[in-house]
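Colleague: give the three-dimensional model of this entry:
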Amino acid sequence: MWRISLCAGYRSFGGRIVGIKGLWGSHVVRTCSTPAIPAGRITALQAVDLWKNHFAVRGVMEPDHSSHHIIAYLLGAKTIESLERRKLTEFLSPEITEQMWSLCSRRLSRMPVQYVIEEWDFRDLTLKMRPPVFIPRPETEELVELVLTDLQMRPGPGAGVEAPHTCLEVGCGSGAISLSLLKSLPQLKVTALDQSQDAVDLTGENAIRLGLQDRLQVYHLDVIKDADTVLSLCHHVSTLVSNPPYLFSEDMNTLEPEIFRFEDHAALDGGIDGLKVIKQILTLAPQILSNHGRVYLEVDPRHPPLIRQWVETNVEEMRYEETRHDASGRPRFCILRRVKSNKDHKLDLD
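Modeller: This next block holds a predicted model:
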């Protein structure tokens, strides 16, 4: 499976991948020439080595992983390690050689390898990918695991312990979160929203490819601009999950070319404090969730104390439950729960 990060040479800056060069605010891309296709025949290993060296010279991040993924894809495998040695030392056909040069030339332009090969694995799913739809990161797999564990442990909101859960995802991108939840929980129904029509279309395509479309509704809606419509469509939901745009705006210029030039900025930029969309989600959450329904958010490591303080001041019906850390030990996930407001308690007493 394609389980590595977008670029191992990058560090994760608030969960969005930022390159080492990007820390100094550079997203300038040099014009890169493509090496000529060899006149004679070439083996897979020779092609990989040639392109790995060319990527390195041209400053492309993860030159070895990039060339490995591309040749593995062309030879019908997930990883180069899973290919037989014989396959790697055989001469490539002229057609495969041309395809290798074409795909590697796209990578040379700094297009992410996920877009180059047009697919990527997320947990146990293989998803179609295309720009500018946000590429799911490893941290989001951890978010899905967190939600799954909680949903499997608590009963649904309806009558009886077998009552099914319903879920709303805000910012579905390629559909990674929603489709993973649907595959793991056969009784679950999901509504997914995204402000990007490209994302809505790609989520729909991935759902059909995976046979999960019957339990998924996808809408082209902006949770800020279309708040009334969101509220009319989504209510009594037991779980709200989101990997929203949460980069601080000032950090956008630190992104490496792979991200800055190809991925949707609206899926990355969370405003001055990175909380623009998060605050809107939490403002609407009491009207969307059933009683004791939960919100699960992937956020910047700087966000949890800010979110806790903001919710305590501004959203009486939501209680900040806990912060969970990602595999790198960073505070990455926020869990909140809907509770009755003081007004609700008064009505109960009456």
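
Colleague: and the helices in the chain?
Modeller: Using DSSP state H, the helices of the chain run over 44-57, 63-74, 85-89, 94-108, 113-117, 138-153, 176-184, 197-210, 227-233, 257-260, 276-288, 303-314, 342-349.

Colleague: reformat those helices as CSV; add mean neighbour count, distance to P245 and mean pLDDT.
Modeller: (C-beta placed from N, C-alpha, C; glycine too.) Putting the helices of the chain into CSV (neighbours: other C-beta atoms under 10 Å; distance: least, C-beta to C-beta, whole Å; pLDDT from 0 to 100) gives the following:
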stretch, mean neighbour count, distance to P245, mean pLDDT
helix 44-57, 18, 29, 96
helix 63-74, 22, 26, 97
helix 85-89, 12, 41, 95
helix 94-108, 18, 26, 97
helix 113-117, 22, 19, 97
helix 138-153, 18, 13, 95
helix 176-184, 24, 15, 98
helix 197-210, 19, 12, 98
helix 227-233, 14, 16, 97
helix 257-260, 24, 12, 95
helix 276-288, 21, 6, 98
helix 303-314, 16, 12, 98
helix 342-349, 10, 32, 52
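
Colleague: tell me which of those helices lies nearest to K128.
Modeller: Of all the helices of the chain, it is helix 197-210 that lies closest to K128, at 5.7 Å by C-beta to C-beta.

Colleague: ok, and what's touching the closest one?
Modeller: Outside of helix 197-210, the residues within contact range by C-beta atoms under 8 Å, 6 or more residues apart in numbering are 125, 127-130, 132-134, 171-175, 178-179, 182-183, 192, 194, 213, 216, 218-220, 264, 267.

Colleague: how about it as PDB, C-alpha atoms only?
Modeller: Taking C-alpha atoms only, helix 197-210 is exported to PDB below (Å, rounded to 0.1, in the frame of the first residue of the first chain):
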ATOM      1  CA  GLN A 197     -17.100  20.700  -7.000                       C
ATOM      2  CA  ASP A 198     -13.900  18.800  -8.000                       C
ATOM      3  CA  ALA A 199     -13.900  17.200  -4.500                       C
ATOM      4  CA  VAL A 200     -17.600  16.400  -4.600                       C
ATOM      5  CA  ASP A 201     -17.200  14.700  -8.000                       C
ATOM      6  CA  LEU A 202     -14.100  12.800  -7.000                       C
ATOM      7  CA  THR A 203     -15.700  11.500  -3.800                       C
ATOM      8  CA  GLY A 204     -18.700  10.400  -5.800                       C
ATOM      9  CA  GLU A 205     -16.500   8.500  -8.300                       C
ATOM     10  CA  ASN A 206     -14.600   6.800  -5.500                       C
ATOM     11  CA  ALA A 207     -17.800   5.800  -3.800                       C
ATOM     12  CA  ILE A 208     -19.100   4.200  -7.000                       C
ATOM     13  CA  ARG A 209     -15.800   2.400  -7.600                       C
ATOM     14  CA  LEU A 210     -15.900   1.000  -4.100                       C
END
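
Colleague: gap between it and the chain center?
Modeller: How far helix 197-210 lies from its chain's middle: 14 Å, per C-alpha atoms, centre = their mean, to the nearest Å.

Colleague: good, we can wrap up now.
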